[in-house]
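[1] quick check, what structure comes out for this input:
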Amino acid sequence: MSNIISFILVLIKYLNKFIFKFQTFLVNKYMKNDPSKNPTSERYRKLQLNGMPIIEQKQLYDHKVLLSRYLDAHGKPLKPVNRRSKFKPSEDTFCPVCSAPHEYIYDNSGGRGQLACKVCKSTFYPGKDYIEKLVLKCPHCQKNLQKKRDRKQFFVYSCTNKCCPFYVKNLTCMSDEQKLDFEKHPYKYKLHYYYRVFDFDMKSLKKDPDKPSAVDISRIRNSKYILGLVLTYHINYGLSTRQTSSVIWDVHRVSISHQTVANYASAAARIIKPFVDNYPYDLSECLAIVGDETYIKVLGKNHYVFFIMDGIKKILTSYSVFKNRDGIAAIKAIYETLSKFKKIPANLTMIFDGNPIYILAKHFFAQYNINFDIKQVIGLKNKDETSKEYRWLKQITERLNRTFKGVYRGTNGFNSFKGANDFTALFAGFFNFLRRHTALKYNVPVSIPQVAAMPDMPSKWLKLLNLSCDFLERSQAAS
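    Numbering: from 1, shown residues only. I've put the predicted structure just below:
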């Protein structure tokens, strides 16, 4: 019987691979002129970054002292704001610089979000007031940077000093034609020092716990072993929900719909995700953390999975799905990895590709005195010493991407963003606790004795779910 099951699984995987290759052939033949279908056409390297600025803490004031000085200077107290605008700050708003209450805070942008303090004359944005506590200086001339633009995800600061060595160097390196063009179209060139400050802080990176699934796996009609079989076929072997339903009927003679398979997987993901995210991993230090992003389809559109892992111990530390491949996604992915360290190593180095969003993330964490080094392996050939030295680590994430795509391919994309994150959570649990690696001498990255003692893979899944349930109960009791 076991030989028949193994033969059927091998046949299904072979047919699935053949269908995928045939679909790829049709797409390349009849949709070759549609650049929107090609995920590699995104030119993310247009983003240019300068070095880190000098970051200092701004001098803060006490609004009571300022009000007292105003009384001594003018002979009368400073009156609260006489509001005429319909845009009023909430009562819990206070100035981040002098801590003045909301009576002295007023709208400064016609309802576009910026507020101002009548006491210390400072301006700020609610929820982004931590930026006003920082003083950013140009690293080349030590002059204060000026806020130039307010983008959707960040503020742009620039050095406006015309005598700045950075500006002078860029200006003198221009050709005569470029200088003439610069006089007519100065917006085409970026000669001054620029720095981007994201409009969120470290606290906002913490994720809220996911809502429990509508399916209670403790009350399913089928036996628990069927649940283990569903996860084994669907995650370990990359079968689609319909293929999983068909195999369970053909092999085990149990009738289960493909929607039930999807419901079981979603419910299991909600249980196992906190366990995967908060497990006390023993991560490597120094040159071991590697990362890359790969694309998946959600409702026919490209989304991106940011994978970061311990390249030596093969432990997956970040696996979230994001709608865009930008600096926000890189910051959140790296934060997930850093939160898994008991103590962040002083000489931590991360290996990524040439995408500049990772350098942008490094700048963000440096604002909070969290420092690490980033080595970028660019392209497919070793054209620089860094790529030559760290290529072997970058290839580890490429193999991880191929492993994930082999499992993901059977899904044919996802119908919802939640479904995509549920699937990657199950994949992370499988990769860290259940999948044996040849580089680890066919051992799992994180060996749990209770899981390892189980006789087969469905039982291992069930034991892992039991441990996850116990972890959830302890977490809820502690909170």
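
[2] okay, P101 and L472: tell me how far apart.
    Between P101 and L472 the distance, using Cβ to Cβ, to the nearest Å, works out to 41 Å. For the C-beta atoms, the positions are set from N, CA and C on the backbone; glycine is no exception.

[3] check H102 too.
    Using Cβ to Cβ, one obtains 40 Å as the distance from H102 to L472.

[4] hang on, the earlier thing: neighbour count: P101 and L472, which is higher?
    In terms of neighbours (other Cβ atoms under 10 Å), L472 is the more surrounded of P101 and L472; the figures are 18 against 14.

[5] pLDDT below threshold where in the stretch 251-400 of the chain?
    Per-residue confidence of the stretch 251-400 of the chain (counting by pLDDT under 70) places the weak regions at 285-287.

[6] wait, doesn't A333 sit right on S320?
    Yes. The pair formed by A333 and S320 meets the contact definition of Cβ atoms under 8 Å, at 6.2 Å.

[7] need the overlap of contacts for the two.
    Overlap of the contact sets of A333 and S320 (by Cβ atoms under 8 Å, 6 or more residues apart in numbering) consists of F306.

[8] higher neighbour count, those two?
    Between A333 and S320, A333 has the larger neighbour count (other Cβ under 10 Å), namely 25 against 21.

[9] can you classify that one by secondary structure?
    Three states are possible here, and by DSSP: H, G, I helix; E, B strand; the rest coil the one that applies to A333 is helix.

[10] P274 versus that one, what's the distance?
    Distance of A333 to P274, computed by Cβ to Cβ: 18 Å.

[11] how about A73?
    According to Cβ to Cβ, A73 and P274 sit 57 Å apart.

[12] the two: which is more packed in?
    A count of neighbours by other Cβ under 10 Å puts P274 above the other of A73 and P274, at 16 against 8.

[13] let me know the helix or strand that the more buried one is in.
    Following DSSP states H and E, one finds P274 within helix 258-278.

[14] so how far is that helix from its chain's centroid?
    Between the mean C-alpha point of helix 258-278 and the mean C-alpha point of its chain there is a distance of 20 Å (Cα atoms, centre = their mean, to the nearest Å).

[15] for that helix, buried residues please.
    Along helix 258-278, the positions that meet the burial threshold by neighbour count (16 or more other Cβ atoms under 10 Å) are 260-277.

[16] quick one: neighbours of Q178, just the number.
    Other residues near Q178 come to 13 when the count uses other Cβ under 10 Å.

[17] I meant to write T424 there.
    The local packing of T424 (other Cβ under 10 Å) involves 26 other residues.

[18] the closest residue to it other than its chain neighbours: neighbour count?
    Leaving out its chain neighbours, the residue that sits closest to T424 by Cβ to Cβ, 6 or more residues apart in numbering is Y319, at 4.7 Å. Applying other Cβ under 10 Å, we find 26 residues neighbouring Y319.

[19] correct me if wrong: Y319 contacts L426.
    No. With contact defined as Cβ under 8 Å, Y319 does not count as touching L426 (10.0 Å).
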